[in-house]
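Undergrad: Generate coordinates for the sequence data below:
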Amino acid sequence: MPRTRATSPSSALDADRALTDHGWIIVARHREPAGAGPRAPWGEAHLKRIGTQLTLCGLPSLGWHAFWHLRHDDVRRWCTDCSAARPARRVVGGS
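TA: Here you go, the predicted model:
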């Protein structure tokens, strides 16, 4: 299985903040075993509002792992409902 992209501390600060800027966080029941890079969701990833206990699709997420360092594109497998309803990315500049 391919690993998620490793991020350096400086690039983590420059990560796409569209999710957290809108009050969302990536969560999952399980996370990958320890390895060479940052840990990622093991199985389906979900979205949830920061400070709540339910995912966007309605599952209780108490005790789940939060992935503050990941961007939406870093996740291999998403819950269908959470992925379809995720907040739109903020466009910077452009015409």
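Undergrad: For this protein, which segments are assigned as helices?
TA: Secondary structure of the chain, counting by DSSP state H: helices at 9-13, 18-21, 80-84.
Undergrad: Just list the residues touching the residue nearest in space to the middle of the chain, thanks.
TA: With distances taken as Cα atoms, centre = their mean, Ile26 lies nearest the centre of the chain, 2.9 Å away. Neighbour list for Ile26: 19, 41, 45-47, 66-67, 70, 72, 75 [criterion: Cβ atoms under 8 Å, 6 or more residues apart in numbering]. For every residue, glycine as well, the C-beta is placed using N, CA and C.
Undergrad: is it possible to export those residues to a markdown table including pLDDT, distance to Ala34 and neighbour count?
TA: Formatted as a markdown table, the contacts of Ile26 follow (pLDDT from 0 to 100; distance: Cβ to Cβ, whole Å; neighbours: other Cβ atoms under 10 Å):
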| residue | pLDDT | distance to Ala34 | neighbour count |
| --- | --- | --- | --- |
| Leu19 | 77 | 24 | 21 |
| Pro41 | 92 | 14 | 24 |
| Ala45 | 95 | 18 | 24 |
| His46 | 96 | 22 | 25 |
| Leu47 | 94 | 25 | 23 |
| Ala66 | 94 | 17 | 14 |
| Phe67 | 92 | 15 | 21 |
| Leu70 | 86 | 16 | 24 |
| His72 | 82 | 24 | 18 |
| Val75 | 88 | 19 | 19 |
